[in-house]
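[1] Model the structure of this input:
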Amino acid sequence: MPITRWEPFQEIETWQPFSREPMWTIDQMQRQMNRLMERLIPSGNGGSALNYIPSAEMEETAEDIRLKLEIPGMEAKDLSVEVTDSSVSISGERKSETKTEEKGMIRSEFHYGRFERNIPLPSHVQNDKVQAEYKNGILSLKLPKLEGEKHKTVKIDVK
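    Predicted structure coming up:
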């Protein structure tokens, strides 16, 4: 097999607004974008390579780190949370509920399958004292900092 140079953008046509040719139609642009995404993000076994990644918010206080992840449509028992002193790993799987209709077509835009997210922490935490709660599709973690990581403020007398 010969080695060839990969040029991902070679098939994309440039838009020239002042040319005499008509502008691209929406369908042509969609096909070009789909081709580009297929080349930049290879997919295995014919499916999409894009996986579900839950959105996260992190807040650091003097005492702890508070982490929230948006994971709707799951139950707490379907989530796996692992905490080291410097990172959090959350994984789970949303199972598909397949329903069939006799006359109509079913269209689903829900994501089913496995996900995993690893989040590095800005400070070391006491991983044996983490508090977790899953309510209304939001996973909330309270990660207490190690004693040496807490930013203590000390008043200094100036003479």
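[2] what residue ranges in the chain are flagged as low confidence?
    Along the chain, segments meeting pLDDT under 70 span 1-24, 38-51, 96-104, 107-109, 111, 149-157, 159.
[3] now do 90
    Applying pLDDT under 90 to the chain flags the ranges 1-55, 62, 72-76, 78, 84-86, 93-117, 123-128, 146-159.
[4] ranges for the helices of this protein?
    26-40 (DSSP state H).
[5] Tell me which stretches of it form strands.
    Along the chain, the stretches classed as strands by DSSP state E are 55-60, 64-70, 79-83, 87-94, 113-120, 131-135, 138-144.
[6] Turn the ones you listed into JSON lines, columns for mean neighbour count and distance to residue 29.
    Just so you know, the C-beta spots here come from the backbone N, C-alpha and C atoms, and that holds for glycine as well. What follows is the strands of the chain, written out as JSON lines (neighbours: other CB atoms under 10 Å; distance: least, CB to CB, whole Å):
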{"stretch": "strand 55-60", "mean neighbour count": "12", "distance to residue 29": "28"}
{"stretch": "strand 64-70", "mean neighbour count": "19", "distance to residue 29": "31"}
{"stretch": "strand 79-83", "mean neighbour count": "16", "distance to residue 29": "39"}
{"stretch": "strand 87-94", "mean neighbour count": "17", "distance to residue 29": "32"}
{"stretch": "strand 113-120", "mean neighbour count": "13", "distance to residue 29": "29"}
{"stretch": "strand 131-135", "mean neighbour count": "13", "distance to residue 29": "41"}
{"stretch": "strand 138-144", "mean neighbour count": "18", "distance to residue 29": "37"}
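[7] Which of these sits closest to residue 28?
    Nearest to residue 28 among those is strand 113-120 (31.8 Å), distances taken as CB to CB.
[8] That closest one versus strand 55-60: what angle between them?
    Interaxial angle of strand 113-120 relative to strand 55-60 (axes from the mean of the first three to the mean of the last three CA atoms, to 10 degrees): 20 degrees.
[9] quick one: strands adjacent to strand 113-120?
    Strand pairing for strand 113-120, using DSSP bridges, gives strand 87-94 (antiparallel).
[10] Quick check: end-to-end length of stretch 72-91?
    Using CA to CA, to the nearest Å, the end-to-end distance of stretch 72-91 comes out at 13 Å.
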